[in-house]
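> pasting the structure only:
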């Protein structure tokens, strides 16, 4: 099944487009967001979290999603929960 488009930043301009999709087959949220500043990325990488190594693992990324998109993220979660396999 292809990605299911859920929504885009309602304040998006011509060059900015944080976007949320639901991948029902993989049961995953797929997020496109802004890259963090080097300072924010370093802060995230340096933060100790129980059960998690310090740093950002290969194949993972930190992204930023504006709070005004929370309703879109919730909708994507609802889509996935309705299609749990």
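It's in. Everything numeric here is computed off the predicted structure, so don't read it as measured data.

> check contacts around the residue nearest to the spatial centre of the chain.
Nearest to the mean C-alpha position of the chain, by C-alpha atoms, centre = their mean, lies residue 31 at 3.5 Å. Residues in contact with residue 31 (C-beta atoms under 8 Å, 6 or more residues apart in numbering) are 18, 19, 20, 21, 63, 65, 73. (Glycine included, C-beta is placed from N, CA and C.)

> Buried subset of those as a PyMOL selection?
Buried residues among the contacts of residue 31 (16 or more other C-beta atoms under 10 Å), as a PyMOL selection:
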select buried, resi 18+19+20+21+65+73
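
> Keep only those of the contacts of residue 31 that are in strands.
In this view, the contacts of residue 31 that belong to strands under DSSP state E are 19, 20, 21.

> Just give me the neighbour total for residue 6.
21 (other C-beta atoms under 10 Å).

> Show me where this protein dips below the pLDDT cut-off.
For the chain, the stretches with pLDDT under 70 are 1, 85.

> Tell me which stretches of it form strands.
With strands called from DSSP E, the chain shows them at 4-8, 19-23, 28-32.

> Strand 4-8 and the second one, what's the angle between them?
Looking back up the chat, that one is strand 19-23. If you take axes from the mean of the first three to the mean of the last three C-alpha atoms, to 10 degrees, strand 19-23 sits at 160 degrees to strand 4-8.

> about what we covered before: how near is the residue nearest to the centre of the chain to residue 43?
Relative to residue 43, residue 31 is positioned 19 Å away (C-beta to C-beta, to the nearest Å).

> same deal with residue 2?
Between residue 2 and residue 43 the distance is 35 Å, computed by C-beta to C-beta.

> And residue 35, by the same measure?
14 Å.

> next one: residue 29
In terms of C-beta to C-beta, residue 29 sits 23 Å off from residue 43.

> Residue 83 too?
35 Å.

> Then residue 53?
Counting by C-beta to C-beta - residue 53 and residue 43 are separated by 16 Å.
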